[in-house]
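Participant: Build the 3D model from these lines:
(chains A and B, ligands or ions: 2)
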Amino acid sequence: MRLVFEKRNSVSKKAIILVPVVSFLVSLILTGILLIIFRTNPFVTYASMFVGAFGSWINFTETLVKAIPLMLTGIGVGLAFRLRFWNIGAEGQLVFGGVAATWVALFWSNFLPPFLVLPTAILMGIIAGALWAGIPAFLKVYLKVDETLVSLMLNYVAILTAQGLYYGAWIDPNGMGFPGTKLFPKAAWLPRFSGRAHVGLFIAILLGLVMWVVLNRTKWGFEVKMSGHNPRAARVMGVNIGKTIITAILVSGAFSGMAGAFEVTAISHRLQQGLAIGYGYTAIIVAWMAQLNPIASLFVAVLMAGLLVGGDQVQMMMGLPAAMGIVLQGMILFPMLAGSLFTDYRLKIITKSTKEEAV
Amino acid sequence: MKDDQNGKSPIVEMIGITKQFPGVLANDNVDLELFPGEVLALLGENGAGKSTLMNILAGLYRADKGKILIKGEEAEIDSPKDAMKYGIGMVHQNFKLVPTMSVAENVVLGLDSENFVLDLQKVSSRIKEISHHYNLKVDPNSIIWQMSVGEQQRVEILKLIYRGAEVLILDEPTAVLTPQESGELNRIVKQMTGEGKSAIFITHKMDEVMEFSDWVRVLQKGKLVSVVKTEDTSPKELSRMMVGRDVLFRVEKKKATPGEVILELENVKAMNDKGLEALKGISFSLRRGEILGIAGVAGNGQRELTEVITGLHKVTEGRIIIDGKDMTNKSPLDLIKSGVSHIPSDRVAMGIVGDMSVANNLAMKEYRKAPLTQHGILNPGRILEMAKKMISSFMISTPAPYTSVKFLSGGNIQKTILAREIGACSTLLIAAYPARGLDVGATESVRKEMIAERDGGKGVLLVSEDLDELMSVSDRIAVMNEGRIMGIVDSAEADIESLGLMMAGVPMEEGK
Ligand SMILES: Nc1ncnc2c1ncn2[C@@H]1O[C@H](COP(=O)(O)OP(=O)(O)OP(=O)(O)O)[C@@H](O)[C@H]1O
Ligand SMILES: [Mg+2]
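Facilitator: Numbering: from 1, shown residues only, chains lettered A, B, ... in the order given. Ligands and ions are numbered 1, 2, ... in the order given. Predicted coordinates for the structure are as follows:
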């Protein structure tokens, strides 16, 4: 008996769902082994992670709080990846969006009618995220500069800019030297509906659905698909590839910028440490696990947020490093990547006499 | 059936091969026998299952049912490596050479019998031996991307001989070759069979079947429908076996009634991708209701010519005027909007998006306009409806409109492109090798289709290497050589000899 990989004739529908699920299970097992090395019972750990993230309504609202930025950045990154544009700068785009929203909240409030403050802050966040993503897009399209490096470097620029502002120019004069701006006026607060969970959730869900429709039912979405799968043919068919990349990446950055604006207007109500905590990187895992599907990204984001919140819980309850949740996330990526082997190939078990098929 | 009349026993036997793909039974209980020292031609319409059957023999696919006997013994072939162990090697339609590597490096690539440290010197001298023996004219140190398609194909063959192939499978080897190169290939194969090796080759060209092969097997919709000795049959009979009806090899057409000028080139110059001058001052005009053929050996500027007209390639000097408007260096979209259609020479790389459905690929020109799009919103129902119509009128064989186009057979991919481009054409059709890879029936209908476009008042530019095709389909023929037009002749007055002279670079006046 032996195993043979055969290229699949078509990507199996089953595999699209099966692969992320199996990857997740494999990562649970791998992390479980790690936990045993740490002399901790993996079942107890997982159970308390689950309870921590989903065990009660209050805990669940915390999971949602983290899911919202992951949904938005995950959708944004997924859009860029469809064009084979490796935007790993969602973190910087999120931070820059947060900075722009802060600017409006702090300095425009006196000039704007109160009902316009919040929308303007969010809009500026969106624009800032889009522009920040636009830099690598323009450089790629017009100067053929590799986008991976540029978008990554811009993360540091954005994070350091934000730090410079809340440690320096924008620091709260009454904050006793605490790094952070002063609290936003109430007009710039995004309403919460339960615990810290805010209405950004509904916006994110709505945008996930809209994005699906845009990708599958609009001319622009059609061009994104063509350009992503075969840019040469798309060009022959009259698609302006450069324009498609730039518009898509602006939209991609806009999603992350919005996430940043939500974070400052709904959660911290000021710009301070803790805005750049890796949502933009986790977004990459979200996008892959959702196979670049915006609707799937919504669900995967909740799962990933659950890992983050659950990870914090086990840290507190079991004295494990909080990094456990993050380790688990990282562990998901490997089987995911290996998993794509199964969406494209089928495993055949061949014995001398019979030739049967497996997954 | 076991034995040939000479008492030889088959080197390869395939018995009851069945292969199911989602929605299609590609091979249905197919038998095949190949005798040493002989050439078997495999015929069939597009999508009949020829490539699938050969991919099974070469270890790329596994059959669902059936067995393979090599020299009478049952063989387990699960990979191309296994196949090579049994002496079976295949040259695929899209070559699998690494463009940036040399011939010698490509030949040893993936070979594990070599020592860990490569002795390229030894490899080179072995390659020289083989190429000398078969008179292949291959330099082991040449880099692949600098070689013509014909040369690359010789490298593929050499690679198989180097690895000890006894059975050569050639999938539509001559589709991309010039007539001279095809003749050369024929000679090489003859020499190999003379030494007791054997070959299976797939083709859609009947004269090649008659010339190359000893036996013919015809597939129809996955089933083996006939086995004949080549000497006992004729092209006419073979095409009837394939298509089930008589096929016209020369299409009927009325005399052209040219209208106003639709395309005019004035001293057009352009560089190729390597920065060398590929078009050195091309001028001609094409009228509505006329087919202008472009003859010439591939690589003499035909690709650049079609690409400057469709906006894919920059013109460095000169003007292109379409329908009275200056369209020099306009974008591909501008040209599409002015009704120019393009059947590109490299169909998989430029003509389709393999991961998208057949229906979407058929819509890739019309999706911008109503009724497929309204206010930027696509209407999938209308796309499907249009696709279904095109699929039936062009007889594209696909399991479903939403199947990914990359799963179609070579000829059906080409039909998909044709259906889309002809459907979207309103002024000018630029067709590069439109019949490449099509079966006889489909070739006939493509030719008719181009004549119909002409009669519908459009201008057609037909780039081809097939002089018969050019003489029967086009009204005038321009011959290209090294980026220049050597002369333009009326196809009614053209003869192969003078065209051949011009193709070789002798301008028309001198040739006469
Ligand atoms: N990998 C695949 N997945 C699904 N269907 C396939 C695949 N390969 C081939 N088919 C289908 O099997 C049938 C036979 O295809 P095949 O490529 O063998 O045809 P062919 O005889 O070589 O045709 P052509 O002359 O056009 O090259 C076609 O209907 C094709 O769509
Ligand atoms: Mg084929």
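
Participant: Tell me both backbone torsions, phi and psi, for the closest residue to residue B:215 other than its chain neighbours.
Facilitator: Once flanking residues are discounted, residue B:215 sits nearest to residue B:40: 4.8 Å by CB to CB, 6 or more residues apart in numbering or on different chains. Placement of C-beta: from N, CA and C, glycine included. With angles defined as degrees, to the nearest 10, residue B:40 sits at phi -110, psi 130.

Participant: and the residue in the stretch 151-300 of chain B that chain A sits nearest to, how many neighbours?
Facilitator: Closest to chain A within the stretch 151-300 of chain B is residue B:273: 12.5 Å, counting by CB to the nearest CB. Residues lying near residue B:273 (other CB atoms under 10 Å in any protein chain shown) number 9.

Participant: just the residues of the stretch 301-450 of chain B that are near ligand 1, which are they?
Facilitator: Counting by CB under 6 Å from any ligand atom, the residues of the stretch 301-450 of chain B close to ligand 1 are B:397, B:407, B:408, B:409, B:410, B:411, B:412, B:439.

Participant: which of those has the weakest pLDDT?
Facilitator: Across the set of these, residue B:410 stands lowest in pLDDT, at 84.

Participant: Not counting its neighbours along the chain, what's nearest it?
Facilitator: Among residues not flanking residue B:410 along the chain, residue B:437 sits closest, at 4.7 Å (CB to CB, 6+ apart).

Participant: what does residue B:478 give?
Facilitator: Counting by CB to CB, 6+ apart, residue B:488 is the residue found nearest to residue B:478 once chain neighbours are left out, at 4.5 Å.

Participant: Name the helix or strand for residue 152, please.
Facilitator: Looking at chain A here, since you left the chain open. Using DSSP states H and E, residue A:152 sits in helix A:147-164.

Participant: my bad, chain B
Facilitator: helix B:149-162.

Participant: Show me which residues of that helix are buried.
Facilitator: B:150-162 (16 or more other CB atoms under 10 Å in any protein chain shown).

Participant: Can you check what pLDDT the model gives the residue nearest in space to the middle of chain A?
Facilitator: With distances taken as CA atoms, centre = their mean, chain A has residue A:283 as the residue nearest its mean C-alpha position (2.3 Å). Note on residue A:283: pLDDT of 94.

Participant: count of residues packed around the nearest residue to it once chain neighbours are set aside?
Facilitator: Computed as CB to CB, 6+ apart, the closest residue to residue A:283 that is not its neighbour in sequence is residue A:73, at 3.5 Å. If you count neighbours by other CB under 10 Å, residue A:73 ends up with 33.

Participant: tell me what the helix or strand where residue A:73 lies is packed against?
Facilitator: Per DSSP H and E: residue A:73 is located in helix A:57-82. With contacts taken as 3 or more CB pairs under 8 Å, 6 or more residues apart in numbering or on different chains; DSSP states H and E, helix A:57-82 sits against helix A:42-54, helix A:90-107, strand A:197-198, helix A:200-217, helix A:219-229, helix A:241-262, helix A:279-289, helix A:294-318.

Participant: Residue B:26 - that's part of a strand, no?
Facilitator: Yes: checked against DSSP: H, G, I helix; E, B strand; the rest coil, residue B:26 lies within a strand.

Participant: Count the neighbours of it for me.
Facilitator: Using other CB under 10 Å, residue B:26 has 26 other residues around it.

Participant: Residue B:322 now?
Facilitator: With other CB under 10 Å as criterion, residue B:322 counts 24.

Participant: Then residue A:265?
Facilitator: Neighbours of residue A:265 using other CB under 10 Å come to 27.

Participant: That one contacts residue A:123, correct?
Facilitator: No: counting by CB atoms under 8 Å, residue A:265 stays clear of residue A:123, with 11.5 Å between them.

Participant: Quick check: closest non-adjacent residue to residue A:251.
Facilitator: Distances taken as CB to CB, 6+ apart put residue A:79 closest to residue A:251, at 6.1 Å, once the chain neighbours are dropped.

Participant: related to what we said a few turns ago, in helices, which of the residues of the stretch 301-450 of chain B next to ligand 1 fall?
Facilitator: The helices, defined by DSSP state H, take in B:410, B:411, B:412 from those.

Participant: Show me what from the stretch 101-250 of chain A comes close to chain B.
Facilitator: Proximity of the stretch 101-250 of chain A to chain B (CB under 8 Å from any CB of the partner chain) is limited to residues A:217-222, A:225-226, A:229-230, A:232-240.

Participant: and the closest residue to residue A:41 other than its chain neighbours, what element?
Facilitator: Spatial nearest neighbour of residue A:41, chain neighbours left out: residue A:35 (7.4 Å); criterion: CB to CB, 6+ apart. Using DSSP H and E, residue A:35 maps to helix A:13-37.
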